[in-house]
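Undergrad: Show me how the following folds:
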Amino acid sequence: MKKQIYLYSLLLATTLFLNSCVSSKEVVTISDAEKEIFTEKEGEPVVIADEESEYEITIIDPGFSAWLVSYARPEQFYSQNYLETRNRVYVTEWNARATQPFRYDPNLYEMQINYNSNTDYGYEVNYKLYNYFIYFQRKYNQRLGYFVPRI
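TA: Here you go, the predicted model:
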């Protein structure tokens with residue numbers, strides 16, 4: 001009887017230990033209204049530019065403009081340093097995927113993004129680029145970094 005109890009407790013302890021070592025995958029919930037924006041076929045392109053610099057990015061994804069107004073955190077919610085740090089991670093992964101068209105969908109990652117972490121692009125460029133990455137990950141169920149793309 002003692003052996004059975006000991007064996008059972010050892011088995012239970014091992015199971016609990018193994019379950020605590022496994023990382024849980026966080027599920028991103030997307031509302032029906034947000035899904036509706038993702039399916040939009042028409043919309044204005046979003047031009048990401050900073051008045052003080054010559055840098056510009058144009059996003060042609062039809063739903064992004066509506067999503068940015070409806071779901072993104074307001075400007076100044078994040079610090080510029082936070083946005084730059086996240087953008088570095090996202091751009092690095094994006095560019096890695098853009099160079100591997102047989103592994104990742106070439107329709108999603110059509111071209112590389114020329115983002116230099118030593119350049120100050122300004123707040124607006126970093127804000128809109130960051131939010132595009134969040135939008136993109138939520139719309140296409142992708143994960144470009146080790147953090148969950150939530151709003």
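
Undergrad: quick one: buried residues of the helix or strand where Tyr90 lies?
TA: According to DSSP states H and E, Tyr90 maps onto helix 80-98. For helix 80-98, the neighbour count (16 or more other C-beta atoms under 10 Å) marks 80, 83-84, 86-87, 90-91, 93-95, 97-98 as buried. Yep, even glycine has a C-beta here, placed from its N, CA and C like the rest.

Undergrad: which strands and helices sit next to it?
TA: Identification of packing neighbours for helix 80-98 by 3 or more C-beta pairs under 8 Å, 6 or more residues apart in numbering; DSSP states H and E yields helix 123-140.

Undergrad: For the helix it packs on, what is the distance to the chain centroid?
TA: Its chain's average C-alpha position is 7 Å from that of helix 123-140, according to C-alpha atoms, centre = their mean, to the nearest Å.

Undergrad: Next: stretch 114-126.
TA: The chain centre lies 17 Å from the centre of stretch 114-126; the measure is C-alpha atoms, centre = their mean.

Undergrad: Could you list the residues in contact with stretch 92-112?
TA: Contact with stretch 92-112 is made by 113, 133, 136, 140, 142, 144-145, as judged by C-beta atoms under 8 Å, 6 or more residues apart in numbering.

Undergrad: That concludes my questions; thank you for your assistance.
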